[in-house]
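Colleague: Predicted model, plus sequence, below.
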Amino acid sequence: MEFDESVIVKRIDNLKLITAAEPKHFMTLHCLQCNTVLADSFGVCGELKCIDSIMCIRVTNDVVVSDAIESVHKGEMANCICSHLKCRLCNCVLGKVVHAAPSHLAAIRSIFLLNKAKMSCYILDSISMVKASSFSFDMKPLQETVHEARQELEERLDLMAPTCSRLADMSLSSQSST
């Protein structure tokens, strides 16, 4: 496990939705009980709303995976084999990591699931601490992100085309004059 970073996608303040998909909106995730830094937004890869958890690919060394393995028989996580995640400092249970799951939950295997009710978020650009439950950590589908990047690159290429053409003309005219 290592400490790294990601980007917040949406923020909810006083029932007002604020879209914040720009990379400048960085945050750290903290234990609500003792304020220990557990992860940051670069490790966030989504949200599992059915169990109110933030999905992280990386967490700090202060998140400990318990040795005890639990088999879940009820609810959204039925037929999963999990271990609890605990805060190293206060020993508070923060969430779980899924070791084995049915095929419809395959995407969450080996992902750290941090319970939003046990987290607070420090928003770096606004210098404020808020409850994680006030945020949505949904991520755009990868195909949508790739499509947007392709469009942006094509627009930039279109802007560069006249310059490339002029450079080619200048090169041809300098070769013909020598």
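Modeller: The structure has been received and is ready for your questions. Predicted model only: the values in this text are computed from it and were never measured.
Colleague: helix or strand right after the helix or strand hosting Ser83?
Modeller: Secondary structure from DSSP states H and E places Ser83 in strand 80-87. Once strand 80-87 ends, the next helix or strand along the chain (criterion: DSSP H and E) is strand 93-100.
Colleague: Let's see the next helix or strand after that following strand as PDB, backbone CA atoms only.
Modeller: Downstream of strand 93-100, the next assigned helix or strand under DSSP H and E is strand 112-115. The C-alpha atoms that make up strand 112-115 are tabulated as PDB, following Å, rounded to 0.1, in the frame of the first residue of the first chain:
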ATOM      1  CA  PHE A 112     -10.300  -0.600  -0.900                       C
ATOM      2  CA  LEU A 113     -13.900   0.200   0.000                       C
ATOM      3  CA  LEU A 114     -13.800   3.100   2.500                       C
ATOM      4  CA  ASN A 115     -17.200   3.800   4.200                       C
END
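Colleague: Can you name the residues in contact with strand 112-115?
Modeller: Outside strand 112-115, the residues that touch it by CB atoms under 8 Å, 6 or more residues apart in numbering are 29, 38-39, 43, 48, 51-59, 63, 85, 93-98, 132. Quick note: C-beta positions are derived from backbone N, CA and C, even for glycine.
Colleague: Which among those residues count as buried?
Modeller: Applying 16 or more other CB atoms under 10 Å to the contacts of strand 112-115, the neighbour count classes 29, 38-39, 43, 48, 53-56, 58-59, 63, 85, 94-98, 132 as buried.
Colleague: so where's this structure shaky on pLDDT?
Modeller: The model of the chain has pLDDT under 70 over residues 1-25, 136, 138-146, 177-178.
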